[in-house]
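pasting the sequence and the predicted coordinates here, then a few questions.
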Amino acid sequence: MTETYDISSSEDIKEPAVSKKKYCKCQSCKEMFAQTWDRKLGKYSDYKLCPDCRSRESSKKVETYKIDYEPFGYQLEMHNSAARFKVVSGGIRTGKDYSMVFELVKYCMECANEDRPDTMIPKVRAWIIAPTEPIAKEDFRQLRRIIPRELVASFSQSTNELLTVNGILIEVKSAYDPESLVGVGLDCLLITEAARIRSLEDVWSNLEGRLNSPGRGRNGKGGCGLINSSPLGKNYFYTMWTWGQKEHADYDPQWESWRWEHWDNPLIAKIADIKQSNGRTYRENLMRRMTRQRYQQDYLAYFLSDDDAVFKNWEDSCLVGIDSSFNDEERKAFINDWQCPKPYETYSIGYDPANINDEPILWIVERDEGKLKKAVNLKGIGWEAQFDRIAYYSQIYNNAMVYFGRTGHEIVGSQLEKRGVPNTGLNEQGDNKKNLVENLQMLIEQGRVKILDDKSEITKVIKFELSDYVR
């Protein structure tokens with residue numbers, strides 16, 4: 001049976017009709033404001049009042065909204081915990097993000113229903129933080145599914161902000177620059193995939209103070225912290241997880257932590273031990289398709305020794321920073337000089353073929369110095385356009401040789417040859433892949449790979465994947 005959670009708000013505005021107008025004049029304050037685009041209906045809303053006036057009007061009456069949500073037993077334990085800080089180490093498909101987004105919404109609504117002074121602006125403030133913005137945006141999409149449409153005053157996919165009619169502002173942030181996560185008081189904070197945040201200790205030291213801002217949190221006693229991730233060795237996320245374990249020496253009674261396994265999900269547990277045509281169960285087949293360490297980390301959410309990381313301390317030996325004293329023009333010039341092809345240099349292009357819905361990446365490398373000159377994400381580009389793009393980069397980088405994963409992509413070589421691109425297909429099966437990875441591992445350990453830390457989205461993805469690679 002579906003459980004329902006009452007979420008009280010001060011909204012009393014009925015479901016609006018839809019309109020073709022993006023901008024309207026508020027009937028109360030006469031100021032222009034933007035309507036909300038409903039992607040499902042393909043139309044704009046038809047609110048008569050701007051978000052601020054709607055919020056003031058809503059304070060006059062009280063409406064109760066219900067969100068249908070049926071937590072599994074292990075999720076319910078987290079929801080029922082009275083801990084101020086909750087940490088979940090969760091395996092794949094355990095619902096750690098969805099349940100914590102719901103917990104954030106529930107907590108913020110409880111704060112919004114308090115009698116707070118008008119000087120507290122916004123009335124309630126929450127952040128969702130992830131290693132990169134695309135990961136955080138997935139939680140933002142879940143947020144839109146959880147919060148009833150009637151409660152949304154405005155939301156922006158460009159600024160990643162959602163404002164409710166009863167004064168809750170929820171913002172999505174990237175942890176890429178810890179020093180930017182300052183300056184405001186927070187009622188609630190959700191950190192997702194925390195183990196993948198490079199400077200998590202610095203990020204948390206900045207954020208915990210935001211949660212202690214005067215008047216924030218339920219009854220003004222300090223904000224709530226929600227932290228989840230699948231593990232990545234015993235890094236700082238593991239340290240935070242130990243604070244919620246009663247038997248650990250560093251236990252803090254304000255914290256509670258859990259470990260959720262893939263098989264804890266009852267929908268997955270139903271199929272786990274059913275025999276398949278090959279005589280093995282789904283669980284057995286799954287375990288045979290990966291290393292023991294990968295299975296224990298990604299599916300059972302165990303914290304493994306850092307010895308299982310393939311590229312240890314790679315950031316120290318490979319990342320090249322940009323002088324922080326540079327102004328914008330100097331910074332652009334530095335990046336341009338790094339990426340610009342040099343006469344008589346030899347370059348190689350690595351290509352991981354993938355279709356339009358995946359993320360095919362080009363790595364353009366200067367052979368002598370091991371510089372990653374440029375990385376290009378071809379996501380959303382069809383096959384023909386991908387081949388044309390590769391030909392373009394091969395030409396401008398001195399007729400660079402293209403190396404690509406041949407397995408399952410036999411047509412790639414002929415398509416590149418048709419465009420005059422020199423290429424070599426690599427067999428990634430069996431020991432070949434192990435040898436390729438170990439060669440890259442050796443080059444990284446010897447400091448023969450250099451990656452410019454230019455703060456771009458593609459660099460964030462590269463850093464995430466190199467840090468996440470385990471044996």
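Happy to help now that I have it.

report how many residues lie close to the closest residue in space to residue 401 that isn't next to it in sequence.
Of all residues not flanking residue 401 in the chain, residue 422 sits nearest, at 4.8 Å (Cβ to Cβ, 6 or more residues apart in numbering). To be clear about C-beta, it is placed using only N, CA and C from the backbone, and glycine gets the same treatment. The local packing of residue 422 (other Cβ atoms under 10 Å) involves 12 other residues.

try residue 80
There are 8 residues near residue 80, going by other Cβ under 10 Å.

for residue 258, see how far away it is.
Here residue 80 is placed at a distance of 12 Å from residue 258 (Cβ to Cβ, to the nearest Å).

which element is the closest residue to residue 186 other than its chain neighbours on?
Computed as Cβ to Cβ, 6+ apart, the closest residue to residue 186 that is not its neighbour in sequence is residue 210, at 4.4 Å. In this assignment (DSSP states H and E), residue 210 forms part of helix 200-211.

and that helix, which residues are buried?
200, 203-204, 206-207, 210-211 (16 or more other Cβ atoms under 10 Å).

for the stretch 101-250 of the chain, what spans make up the helices?
Remark: helices assigned in the stretch 101-250 of the chain by DSSP state H, counting those that start in this stretch are 133-146, 200-211, 236-242.

follow-up on the earlier one: report the distance from the helix holding residue 210 to the chain centre.
Offset of helix 200-211 from its chain centre (Cα atoms, centre = their mean, to the nearest Å): 18 Å.

can you check the pLDDT for the most centrally placed residue in the chain?
Nearest to the mean C-alpha position of the chain, by Cα atoms, centre = their mean, lies residue 135 at 1.7 Å. pLDDT for residue 135: 82.

same thing with residue 7?
Model confidence at residue 7 (pLDDT) stands at 45.

tell me, how many residues neighbour the closest residue in space to residue 211 that isn't next to it in sequence?
Of all residues not flanking residue 211 in the chain, residue 223 sits nearest, at 3.5 Å (Cβ to Cβ, 6+ apart). A count of nearby residues for residue 223, using other Cβ under 10 Å, gives 27.

give me the distance between residue 223 and residue 109.
According to Cβ to Cβ, residue 223 stands 14 Å off from residue 109.

now do residue 349
When distance is defined by Cβ to Cβ, residue 349 is 51 Å away from residue 109.

residue 240 too?
Distance, residue 240 to residue 109, using Cβ to Cβ: 26 Å.

what about the two, which has more around it?
When neighbours are counted by other Cβ under 10 Å, residue 240 comes out ahead of the other of residue 240 and residue 109, with 25 against 22.

contacts only, for the more buried one.
Counting by Cβ atoms under 8 Å, 6 or more residues apart in numbering, residue 240 touches 87, 194, 200, 204, 227, 255, 257.

thinking again about what came up before, quick one: which of the helices of the stretch 101-250 of the chain is nearest residue 266?
Nearest of the helices of the stretch 101-250 of the chain to residue 266, taken as Cβ to Cβ: helix 133-146 at 20.4 Å.

most distant residue from the centre of this structure?
Computed with Cα atoms, centre = their mean, the residue of the chain farthest from its C-alpha average is residue 344, at 40.5 Å.

tell me who's in contact with that one.
Neighbouring residues of residue 344 by Cβ under 8 Å, 6+ apart: residue 398.

and it, its phi and psi?
phi 70, psi 0 (degrees, to the nearest 10).

what about the residue nearest to residue 455 when sequence neighbours are not counted, how many neighbours?
Spatial nearest neighbour of residue 455, chain neighbours left out: residue 176 (6.5 Å); criterion: Cβ to Cβ, 6+ apart. Around residue 176 there are 22 other residues, counting by other Cβ under 10 Å.

now do residue 69
By other Cβ under 10 Å, the residues close to residue 69 number 17.

swap in residue 54?
Counted with other Cβ under 10 Å, the neighbours of residue 54 add up to 23.

that one sits in which helix or strand?
Per DSSP H and E: residue 54 is located in helix 51-58.

tell me the strands beside the following helix or strand past that helix, with direction?
Remark: after helix 51-58, the chain's next helix or strand is strand 63-68, criterion DSSP H and E. Its sheet considered, strand 63-68 pairs with strand 4-9 (antiparallel) by DSSP bridges.

do I have it right that residue 444 meets residue 310?
No - judged on Cβ atoms under 8 Å, residue 444 makes no contact with residue 310 at a distance of 9.0 Å.

of the two, who's got more company?
residue 444 (21 against 16).
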